[in-house]
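**Q** attaching a predicted model along with its sequence, questions to come.
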Amino acid sequence: EADIYQTPRYLVIGTGKKITLECSQTMGHDKMYWYQQDPGMELHLIHYSYGVNSTEKGDLSSESTVSRIRTEHFPLTLESARPSHTSQYLCASSELGYNEQFFGPGTRLTVL
Amino acid sequence: AQTVTQSQPEMSVQEAETVTLSCTYDTSESDYYLFWYKQPPSRQMILVIRQEAYKQQNATENRFSVNFQKAAKSFSLKISDSQLGDAAMYFCAYSSARQLTFGSGTQLTVLP
């Protein structure tokens, strides 16, 4: 079944740790996105990609980095997590053009 | 840059009644898509309804319909016969060829 997956769903870590949030989609979509969202608040685009080896920063400045080595995989990495990084991170994908984005279930990150 | 405005941070509706969520947007483009997304508490963001700007006819999906006023740049969502499962955060979104821009969301409460 075509879908978009995120792991882990919940993560609690200490300050200074390096973490990678995984996102994979089986829909063959070229475009993928990462959003940051505090509970009950609006979404902020932090990274996007139009295809393999293409990554761009979004509207909200983020200390995270992303890579796109395979079409289906778009991981997000924080080299040194801080409490200010505590948030929910949503991954999404879409076809090229004006099509709607399909969202993963999200990763809720807590940095102590 | 495109902006999307949802002027109602919170709304409530009695079960079985009808509610309308407002959304306005600003753009200089003539070709675009508009979407309403639903994000239930602690659950995945899903697409409710989409509207192509070139179509004059308002989109309808079962109990969900939109009132698309292109000249006024307005895109409201009407939910008929509201159900408890409709309780969620609703996001209006504007899509150009480049990216999706979200509004700040409207938290809908359904009262039994």
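**A** Sure thing, it's come through.

**Q** in the helix or strand that B:Ile49 is a member of, what's buried?
**A** Under the criterion of DSSP states H and E, B:Ile49 resides in strand B:46-52. Across strand B:46-52, burial judged by 16 or more other C-beta atoms under 10 Å in any protein chain shown covers B:48-51. Any C-beta I mention is one placed from the backbone N, CA and C, and that applies to glycine too.

**Q** got it, and stretch A:101-112?
**A** The neighbour-count check on stretch A:101-112 (16+ other C-beta under 10 Å) flags A:101-109, A:111 as buried.

**Q** tell me the one of those nearest chain B?
**A** Set against chain B, the nearest of those by C-beta to the nearest C-beta is A:Phe103 (4.0 Å).

**Q** name the nearest residue to the closest one, sequence neighbours excluded.
**A** B:Met45 (4.0 Å; C-beta to C-beta, 6 or more residues apart in numbering or on different chains).

**Q** count of neighbours near that neighbour?
**A** A count of nearby residues for B:Met45, using other C-beta atoms under 10 Å in any protein chain shown, gives 23.

**Q** for the chain, which residue occupies the most central location?
**A** No chain was given, so I picked chain A. The structure's chain A has its C-alpha centroid closest to A:Trp34; by C-alpha atoms, centre = their mean the separation is 3.3 Å.

**Q** that's the wrong chain, I meant chain B
**A** Taking C-alpha atoms, centre = their mean, the centroid of chain B lies closest to B:Trp36, which sits 3.5 Å from it.

**Q** pretty sure that one is in a helix, no?
**A** No. Counting by DSSP: H, G, I helix; E, B strand; the rest coil, B:Trp36 is not part of a helix but strand.

**Q** ok, back up a step: intersect the buried residues of strand B:46-52 with the contacts of chain A.
**A** Checking these against chain A by C-beta under 8 Å from any C-beta of the partner chain, the ones in range are B:Arg50.

**Q** mind putting the buried residues of strand B:46-52 in TSV, distance to A:Thr71 and pLDDT included?
**A** Formatted as TSV, the buried residues of strand B:46-52 follow (distance: C-beta to C-beta, whole Å; pLDDT from 0 to 100):
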residue	distance to A:Thr71	pLDDT
B:Val48	28	96
B:Ile49	28	96
B:Arg50	24	94
B:Gln51	29	95
